[in-house]
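In: Predicted model and sequence below, questions to follow.
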Amino acid sequence: MAPGVLAQDGFLGHDQRSLQEIVAEDLAELAAAEVSLAELGEFLDRIHQTADAGLETTCPMCDGALSVRLAEGMGRIPCPFACGFRAHKGIVHVQAGSLSHRLTPLQIHLIKEHGFFQGRGAPFRLSPRQLAELYRKCGS
């Protein structure tokens, strides 16, 4: 999870909490926002699939309110939880009104399969609250 061979910046940022604490607190924040991990995971998968299908497109699930674009990189990156998943490298840029986010395919997997939103200060961390807001705006 720390900076190194797998990811230059790591997945924990400056967060001093244990991995278990990070996951537990983030899942509690998501539950408080009344969005399930399964709902959020499916929504993020749809965003990734939409971005992967076109150079830049609006997402039909949001009546055109959501714009997504995938900037692909070369290669794959394995899941740091050693589950065998390998994500292609890239960044999904998401714009929904004033909300702007960037997600990676690995990040989507980490959230969906491991409930891990990354540590505070990690370059690709998005808080569960931010993603729940995006889901309520476009995914439900």
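Out: Okay, I see it.

In: Can I get stretch 90-100 in PDB? Just the C-alpha atoms.
Out: C-alpha atoms of stretch 90-100 as PDB (Å, rounded to 0.1, in the frame of the first residue of the first chain):
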ATOM      1  CA  GLY A  90      -5.900   5.000 -17.300                       C
ATOM      2  CA  ILE A  91      -7.800   7.900 -15.800                       C
ATOM      3  CA  VAL A  92     -11.600   8.300 -16.200                       C
ATOM      4  CA  HIS A  93     -12.500  12.000 -16.100                       C
ATOM      5  CA  VAL A  94     -16.000  12.600 -14.900                       C
ATOM      6  CA  GLN A  95     -17.900  15.900 -15.100                       C
ATOM      7  CA  ALA A  96     -21.400  16.300 -13.700                       C
ATOM      8  CA  GLY A  97     -22.400  20.000 -13.500                       C
ATOM      9  CA  SER A  98     -20.000  21.500 -11.000                       C
ATOM     10  CA  LEU A  99     -18.800  18.100  -9.800                       C
ATOM     11  CA  SER A 100     -15.500  17.000 -11.400                       C
END
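
In: Identify each buried residue in it, please.
Out: Of all the residues in stretch 90-100, those buried under the rule 16 or more other CB atoms under 10 Å are 90-96. Any C-beta I mention is one placed from the backbone N, CA and C, and that applies to glycine too.

In: Tell me how far G97 lies from A53.
Out: 22 Å (CB to CB, to the nearest Å).

In: Sorry, slip of the keys, the one I care about is R76.
Out: 19 Å.

In: What of Y135?
Out: As judged by CB to CB, Y135 and A53 stand 20 Å apart.
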